[in-house]
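**Student:** Sequence below, structure please.
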Amino acid sequence: MDKILQGLESKVEESKEEEPIVEPPSKPTASDIPGIEILDLEDAVHALWKENIYASSGMGCTGPIVMVADEDLDQARAVLKEK
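**Tutor:** Now for the predicted structure:
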């Protein structure tokens with residue numbers, strides 16, 4: 001059991017990010033991207049921030065959404081599909 005736990009701990013350490021994630025300057029978010037799993041919502045926002053795309057998370061009528069500016073919508077969708 002200890003061997004299994006040690007293996008899991010090392011994988012967690014490997015997956016930790018080394019660079020801090022910096023939020024880009026905010027802008028109005030009039031467009032949204034639905035279909036993001038609730039457990040992946042903050043990861044999706046951080047992935048966009050890494051690409052210097054301002055995004056925020058929220059809840060739409062049908063579930064979680066990532067909100068972005070109109071001019072960033074296509075690029076944000078491409079980034080999220082890639083990630």
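**Student:** which phi and psi does Gly63 have?
**Tutor:** Backbone torsions of Gly63, given as degrees, to the nearest 10, read phi 140, psi -160.
**Student:** Please work out how many residues are found near the closest residue in space to it that isn't next to it in sequence.
**Tutor:** What sits nearest to Gly63 in space, not counting adjacent residues and going by C-beta to C-beta, 6 or more residues apart in numbering, is Pro34, at 6.7 Å. In this view, the C-beta of every residue, glycine as well, is placed from N, C-alpha and C. When neighbours are counted by other C-beta atoms under 10 Å, Pro34 registers 11.
**Student:** Over to Thr29?
**Tutor:** Here the count is done by other C-beta under 10 Å, and Thr29 has 18 residues near it.
**Student:** which residue sits closest to it in space, ignoring its chain neighbours?
**Tutor:** Nearest residue to Thr29 in three dimensions, chain neighbours excluded: Met67, at 3.7 Å (C-beta to C-beta, 6+ apart).
**Student:** lowest-pLDDT helix or strand in the protein?
**Tutor:** Counting by mean pLDDT, DSSP states H and E, the chain has its least confident helix or strand at helix 2-15, which shows a mean of 62.
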